[in-house]
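**Student:** Return a 3D structure for these sequence lines:
(one chain, ligands or ions: 2)
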Amino acid sequence: MPRRAASAPPPKGLTRPVKVCVRVRPVLEREVEHGTYHGCIAIAHERVYISTEDKPVLIGSKDDPLPEGIRAYPGFDGLLDQDASQEDVFQSAGREAVDGVLLGLNAAIMAYGQTSTGKTHTMVGDRTRPGLCLKAAGHLFSEAALCGSQIEVQASFLQLYLNHITDLLVADGHERSLKLREVVGEEATDTKVEGLSERLVQSMDDVAAVLEEGNRRRQQACTALNASSSRSHAVLILNVSLWTGTRSDEEGEAEATVAKLYLVDLAGSERVKDSAAAGDRFTEAVHINKSLFALQGVVAALADGKPHVPFRNDPLTQLLRPALGGNCCTTLVATVSPAQRHSRESEGTLNFASSCRRIRGEAAVAVFVNSVKKPRPWESAPKAKEEAEEVAECPWASLATLDGSHKEDQGISCGGTAPHAWDKAVAYYSRATICCAGSKWESSDEDVLLHALLLGLA
Ligand SMILES: Nc1ncnc2c1ncn2[C@@H]1O[C@H](COP(=O)(O)OP(=O)(O)OP(=O)(O)O)[C@@H](O)[C@H]1O
Ligand SMILES: [Mg+2]
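**Tutor:** Ligands and ions are numbered 1, 2, ... in the order given. Below you'll find the model as predicted:
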């Protein structure tokens, strides 16, 4: 069975540029106080239903005509209801993107929605409920460690506040507004943030420290709709190099895939009447709404295949250009409130999410030959190895089929019979991967893989 070379094309399905998930957050206390709460959202029949009038959401069977005042949104890639855990969100909205990064595909995960719908909760979370940023980083490190591949991750963290981009990893970063520069490449036009700092991160703890430090400097404030409302858009960029172990010459040069993972926590749109914004809060709301309007314009132009896409209309769309119009697989997590009083905003979010689904394109794999001598596998990332060992499962147990069921019913038992040499075997989406003693094997044919495993041939 051939080992996948770093320059081989990525599996189909991983390269669709925009994947869209919808997350409905649970009802908040402030929404039920005074006994006036009416719900407006339901997930059923693989659709999101929304009541646009003040009526209960009544849903019959899938083919029944929709009652008046109810709209249905089909076709999303992931639907996460009020009971979805942070892990459910990672599995649905994050994992595929991070797996793509390990294959050398740029990826972006972006939370979009009205204020107080759970974007920061989804992307950042808290100590007990870590969000997508930390889960994505953990997956990067554990996958690389389990495959015995050397990984190097450089983190940058910035915010766009009013019209200024500032570095969240520099103590006096707020005093210096960073400039954007367009870099025209063969595949797509990239945007560089000039002077943005990078920090080497070698474990989930390091990434947690970066998040904590940056979030302390991020602009947040209390509004009538959210006690800690993000007043800036924040982007965590993980620059990932993965050495696959393929020696390109005898001097120790090794082939590596390089890819960027953008983790974007947007500030939320708000109706100033509802958020009671005044003074600085009002100025912030105007900038936030203006930049999100520009984002909608860019997505509409991309979805309609327009020859001109207005990326330059706003610093936000310039900044996100590599994630939206470039060589990148993007996952949008559209967050909505379940409350009837916000149904108009939720409808707007669902309309935007539907437009994102229509963006077409293809990402490519970036490969370069790194001339740095490859160190011994764990020399640079001892913490990552420990973390990976903690999450390592029995390889047979993690050999899951596409629908998530296990192969036990086909005579493969979980437990002590598995050869110890196998580090990990997983099958997801369009391919299966087996990692063994520093090598990585891939196939789109699960039966071939299973056979090879059983015979100890792979
Ligand atoms: N899935 C969830 N489970 C539990 N609590 C949640 C969930 N989503 C959001 N919350 C809570 O709702 C409140 C608002 O969430 P959050 O601050 O993440 O919203 P936001 O979309 O980032 O808002 P803003 O645009 O104002 O920054 C917080 O108290 C958060 O803890
Ligand atoms: Mg927020």
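**Student:** Can you list the low-confidence ranges for the stretch 201-350 of the chain?
**Tutor:** 245-254 (pLDDT under 70).
**Student:** quick one: the helices in it?
**Tutor:** Along the stretch 201-350 of the chain, the stretches classed as helices by DSSP state H, counting those that start in this stretch are 204-217, 272-275, 280-303, 315-319, 321-324, 343-357.
**Student:** Quick check: residues of the stretch 301-450 of the chain near ligand 1?
**Tutor:** The stretch 301-450 of the chain comes close to ligand 1 at residues residue 335, as judged by C-beta under 6 Å from any ligand atom. Quick note: C-beta positions are derived from backbone N, CA and C, even for glycine.
**Student:** looking at it, residue 336 is touching residue 41, isn't it?
**Tutor:** Yes - using C-beta atoms under 8 Å, residue 336 makes contact with residue 41 at a distance of 6.2 Å.
**Student:** if I look at these two, which residues touch both of them?
**Tutor:** Shared contacts of residue 336 and residue 41, defined by C-beta atoms under 8 Å, 6 or more residues apart in numbering, are found at 24, 48, 346.
**Student:** can you pick the most crowded of the residues you listed?
**Tutor:** residue 346 (27 neighbours; other C-beta atoms under 10 Å).
**Student:** so how many other residues sit close to the closest residue to ligand 2 within the stretch 201-350 of the chain?
**Tutor:** Of all residues in the stretch 201-350 of the chain, residue 230 sits closest to ligand 2, at 3.2 Å by C-beta to the ion. Neighbours of residue 230 under the rule other C-beta under 10 Å: 26.
**Student:** isn't it right next to residue 119, touching?
**Tutor:** Yes - look at residue 230 against residue 119 with C-beta under 8 Å: they come within range, at 7.3 Å.
**Student:** Which neighbours do these two have in common?
**Tutor:** 265-266, 268.
**Student:** export those to a markdown table and tack on neighbour count and distance to ligand 1?
**Tutor:** As requested, the shared contacts of residue 230 and residue 119 are exported to a markdown table (neighbours: other C-beta atoms under 10 Å; distance: C-beta to the nearest ligand atom, whole Å):
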| residue | neighbour count | distance to ligand 1 |
| --- | --- | --- |
| 265 | 27 | 7 |
| 266 | 26 | 7 |
| 268 | 30 | 2 |
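**Student:** of all those residues, which comes closest to residue 212?
**Tutor:** For the shared contacts of residue 230 and residue 119, the closest approach to residue 212 (C-beta to C-beta) belongs to residue 265, at 14.1 Å.
**Student:** Contact partners for residue 123?
**Tutor:** 109, 111, 131-133, 263-265, 333.
**Student:** in the longest strand seen in the chain, what's buried?
**Tutor:** Looking across the chain with DSSP state E, the single longest strand is strand 233-247. Buried residues in strand 233-247, defined by neighbour count with 16 or more other C-beta atoms under 10 Å: 233-245.
**Student:** so can I have CSV of the helices of the stretch 201-350 of the chain showing distance to residue 33?
**Tutor:** What follows is these, written out as CSV (distance: least, C-beta to C-beta, whole Å):
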stretch, distance to residue 33
helix 204-217, 28
helix 272-275, 15
helix 280-303, 22
helix 315-319, 34
helix 321-324, 38
helix 343-357, 19
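**Student:** Figure out which of those helices is closest to residue 57.
**Tutor:** The closest of these to residue 57 is helix 343-357. By C-beta to C-beta, the value is 10.0 Å.
**Student:** Which strands and helices lie in contact with the closest one?
**Tutor:** strand 18-24, strand 47-51, strand 70-74, strand 107-113, helix 280-303, strand 329-336 (3 or more C-beta pairs under 8 Å, 6 or more residues apart in numbering; DSSP states H and E).
**Student:** returning to that earlier point: tell me the spacing between the residue of the stretch 201-350 of the chain closest to ligand 2 and residue 197.
**Tutor:** 21 Å (C-beta to C-beta, to the nearest Å).
**Student:** In terms of residue numbering, what are the domains of this structure?
**Tutor:** 18-367, 393-455 (automatic domain parsing).
**Student:** got the contact list for the nearest residue to residue 189 once chain neighbours are set aside?
**Tutor:** Nearest residue to residue 189 in three dimensions, chain neighbours excluded: residue 182, at 5.6 Å (C-beta to C-beta, 6 or more residues apart in numbering). When contacts are counted by C-beta under 8 Å, 6+ apart, residue 182 touches 189-192, 318, 321.
**Student:** For stretch 154-164, buried residues please.
**Tutor:** 155-162.
**Student:** List every C-alpha atom in that stretch, with coordinates, as PDB.
**Tutor:** C-alpha atoms of stretch 154-164 as PDB (Å, rounded to 0.1, in the frame of the first residue of the first chain):
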ATOM      1  CA  GLN A 154       4.100  29.400  15.300                       C
ATOM      2  CA  ALA A 155       1.100  31.300  16.800                       C
ATOM      3  CA  SER A 156       0.100  34.900  16.000                       C
ATOM      4  CA  PHE A 157      -2.900  36.600  17.600                       C
ATOM      5  CA  LEU A 158      -4.400  39.900  16.500                       C
ATOM      6  CA  GLN A 159      -7.500  42.000  16.800                       C
ATOM      7  CA  LEU A 160      -9.200  44.400  14.500                       C
ATOM      8  CA  TYR A 161     -10.600  47.100  16.700                       C
ATOM      9  CA  LEU A 162     -12.400  50.100  15.000                       C
ATOM     10  CA  ASN A 163     -10.100  50.300  11.900                       C
ATOM     11  CA  HIS A 164      -6.900  49.300  13.700                       C
END
